[in-house]
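> What follows is a predicted protein model with its sequence.
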Amino acid sequence: MKYAAFLLLLWPAAASSSCSSTAPSRAASQAEAQTFLDSYTTRYQQLYAEASEAEWASNTRIVEGDDTNAVRTRAASEAMAAFTGSVENIEAARALLAERDALTHLQALQLDYVLYNAAANPQTVPELVKARIAADTAQVEKLYGFTYTLDGAEVSTNDIDDILRDEKDLARRLAAWESSKEIGPTLREGLGKLRGLRNETVRALGYDDYFSYKVSSYGMTTEEMVASLDRINRELRPLFRELHTWIRHELAQRYDQPIPELIPAHWLPNRWGQDWSGLVEVEGFDLDGALAAKSPEWLVKQAEEFYMSLGFDSLPKVFYEKSSLYPAPTGASWKKNNHASAWHMDLENDLRSLMSVQSNTEWYETTHHELGHIYYYMCYTNPDVPPLLREGANRAYHEAMGSLMGLAAMQPRFAQAIGLAPPTTDETEKADPMQLLLKEALNYVVFIPWSTATMTYFEKELYADELPQDQWNKRWWELAARFQGIAPPSERDESWCDAATKTHINNDPGEYYDYALSFVLLFQLHDHIATEILHEDPHDTNYFGRKDVGEFLASIMTPGVSVDWREMLRDKTGSDLSAKAMVEYFAPLQTWLEEQNRGRTHTIAPL
Ligand SMILES: [Zn+2]
């Protein structure tokens with residue numbers, strides 16, 4: 001009786017409390033979530049800044065035999081891992097997300113991010129995480145500490161690239177190409193170890209494998225991502241087949257050789273055959289010539305001025321004080337990583353870039369690209385975007401911004417406007433637009449089979465299918481043959497590890513498709529800017545000084561990852577992700593190439 005009475009008494013109270021508490025309990029959930037997120041963010045930013053500083057030192061000052069940086073980087077990574085992967089943080093985020101509907105959209109997104117981060121370092125398996133960090137650090141040391149040699153003398157990767165771009169003698173080319181692959185075997189065991197450790201680590205938080213884990217940040221499964229990439233590759237395949245046929249004939253003539261079915265890798269102006277644009281010089285548009293007369297400092301300043309002309313701020317002082325922008329001086333007792341990158345050191349205002357700028361077209365484009373990342377950081381570092389969401393709408397957007405500005409900076413009217421190309425008064429002096437288009441296609445279109453297929457399939461098979469180590473090199477060259485139409489100069493057995501010669505395979509694993517998607521996005525964005533904002537031919541625009549273009553770009557960059565990337569794309573351009581704009585851009589070239597290739601045999605299959 002007593003019990004029943006108690007229940008009766010309690011019931012109305014409980015009912016009324018649950019009724020009137022809907023709002024307060026939402027508020028309570030949100031307050032609780034905010035308390036957790038505030039404290040998480042404070043600690044996360046501290047650790048992030050420490051890890052960035054340590055990694056920055058590891059990349060900009062590599063001293064053989066000195067492990068100070070390695071020890072510091074490892075310690076910082078371990079501290080970061082211990083925090084982001086901590087059992088307390090995983091449990092807290094899961095508990096708060098159990099009431100997802102009670103949270104604000106931004107809170108839910110941040111908590112999702114906390115869990116995504118935890119999967120890289122779950123402290124439910126602390127020994128595994130520690131082993132992975134040690135293996136990662138060891139691999140990066142080997143990667144950047146490697147001494148390339150050619151004819152017994154030390155060379156840099158810039159030297160090798162120069163030879164592959166300019167040298168006509170095939171024996172010299174072969175020696176340079178082979179030199180670039182010497183590093184592979186030194187990375188093979190480390191990559192095998194990392195594959196296992198990366199997979200096991202994310203499996204502890206329920207992901208199938210490391211590749212699927214990385215793909216998940218697009219809100220997609222591995223199958224969906226591969227299907228999207230296949231579609232893009234297929235859309236561009238007819239054009240790529242024409243380019244492949246055309247270049248086989250061009251190169252055979254250049255080197256006075258029979259026409260090959262697959263292009264020997266050392267014939268191409270790039271270590272992996274990912275960019276063939278170095279093969280075409282456009283008369284009347286020789287940027288290399290004009291740039292050789294400029295200083296490397298001019299290249300960086302010019303890129304900054306372009307962004308400022310669109311209405312963006314000047315670069316912060318810290319950028320010039322702390323970046324590492326030029327090659328290590330000859331004879332220096334240290335080395336640096338020559339691969340360009342941009343850094344958001346503390347998720348606030350410490351912005352830096354690591355480059356080795358030289359006065360040529362490649363670095364001219366690269367300075368615009370890297371500053372694209374820096375301006376993206378500057379845009380989303382604002383009070384409306386919490387530090388945990390200071391990222392691109394997806395990883396490809398970040399790349400797309402930089403690449404878009406690189407493309408814009410290479411267009412004739414732009415180059416003329418900044419005095420790099422002479423003004424055209426006479427029609428006959430004008431650079432041939434078809435040659436310009438060809439040069440662009442040899443960069444952008446040629447990159448698609450490499451990025452959507454060779455790299456992506458290899459990494460997918462490496463992680464998701466656990467491709468046995470004694471098949472790596474064979475598979476690598478099968479993919480290169482089928483998708484890129486390239487063959488190694490001679491038999492490459494399993495003692496080589498040619499995939500590992502690509503930086504990203506080692507230290508940006510499972511996300512190379514970002515670059516493919518970024519190219520597709522950049523053409524969608526460029527098409528929109530040219531036709532809807534500038535009302536100019538997409539092949540010959542001049543963004544310089546256009547504040548309306550700057551506003552459009554800023555509106556995409558400012559929200560960071562706090563908005564859905566698909567909605568953003570639809571909202572800004574009116575279409576979904578598609579290579580249509582890219583195919584249309586190169587349509588005149590397709591017709592031209594079909595004409596050139598009349599009577600020639602295509603030696604790679606359609607997809
Ligand atoms: Zn980039």
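Received, thanks.

> contacts, neighbours, all on C-alpha from now
Will do.

> State the pLDDT value of the nearest residue to residue 420 once chain neighbours are set aside.
Closest residue to residue 420 apart from its sequence neighbours, by Cα to Cα, 6 or more residues apart in numbering: residue 290 at 5.9 Å. Residue 290 is assigned a pLDDT of 90 by the prediction.

> Residue 563: what's it in contact with?
The contact partners of residue 563, taken as Cα atoms under 8 Å, 6 or more residues apart in numbering, are residue 393.

> What are the boundaries of the helices in the stretch 51-200 of the chain?
For the stretch 51-200 of the chain, applying DSSP state H, counting those that start in this stretch gives helices covering 68-84, 87-97, 105-120, 126-145, 157-166, 170-181, 184-203.

> Throw the ones you listed into a markdown table and include mean neighbour count and mean pLDDT, thanks.
Below are the helices of the stretch 51-200 of the chain laid out as a markdown table (neighbours: other Cα atoms under 10 Å; pLDDT from 0 to 100):
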| stretch | mean neighbour count | mean pLDDT |
| --- | --- | --- |
| helix 68-84 | 20 | 91 |
| helix 87-97 | 17 | 96 |
| helix 105-120 | 20 | 96 |
| helix 126-145 | 19 | 91 |
| helix 157-166 | 18 | 94 |
| helix 170-181 | 19 | 98 |
| helix 184-203 | 20 | 97 |
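
> And residue 411, what's its pLDDT?
Residue 411 is given a pLDDT of 88.

> which stretch of helix or strand covers the closest residue to it other than its chain neighbours?
Nearest non-adjacent residue to residue 411, counting by Cα to Cα, 6+ apart: residue 540, 5.6 Å away. Using DSSP states H and E, residue 540 falls within no helix or strand.

> For residue 487, what are phi and psi?
phi -130, psi 150 (degrees, to the nearest 10).

> what's the burial count for the nearest residue to residue 165 once chain neighbours are set aside?
Distances taken as Cα to Cα, 6+ apart place residue 269 nearest to residue 165, at 4.5 Å, with adjacent residues excluded. Other residues within reach of residue 269, judged by other Cα atoms under 10 Å, total 24.

> isn't residue 269 right up against residue 168?
No. Contact criterion Cα atoms under 8 Å: residue 269 and residue 168 do not qualify, at 10.7 Å.

> Tell me which stretches of the stretch 201-350 of the chain form helices.
Counting by DSSP H, counting those that start in this stretch, the helices of the stretch 201-350 of the chain are 210-215, 222-254, 287-292, 296-309, 317-322.

> And for the closest residue to residue 308 other than its chain neighbours, the neighbour number?
Nearest residue to residue 308, sequence neighbours excluded (Cα to Cα, 6+ apart): residue 314, at 6.1 Å. For residue 314, the neighbour count with other Cα under 10 Å is 13.

> Then residue 124?
For residue 124, using other Cα under 10 Å, the count is 17.

> and if you look at residue 537?
12.

> ditto for residue 444
21.

> so which helix or strand takes in it?
Counting by DSSP H and E, residue 444 is found in helix 433-448.

> Pull out the buried positions in that helix.
Across helix 433-448, burial judged by 16 or more other Cα atoms under 10 Å covers 435-448.

> Can you tell me how far the closest residue in space to residue 554 that isn't next to it in sequence is from residue 368?
Excluding the flanking residues, the one nearest residue 554 by Cα to Cα, 6+ apart is residue 379, at 6.7 Å. Between residue 379 and residue 368 the distance is 16 Å, computed by Cα to Cα, to the nearest Å.

> Please look at residue 274 and residue 444 and confirm they touch.
No. In this structure residue 274 lies outside contact range of residue 444 using Cα under 8 Å: 9.2 Å.

> re earlier: mind listing what the residue nearest to residue 308 touches?
Per Cα under 8 Å, 6+ apart, neighbours of residue 314: 304-305, 308.
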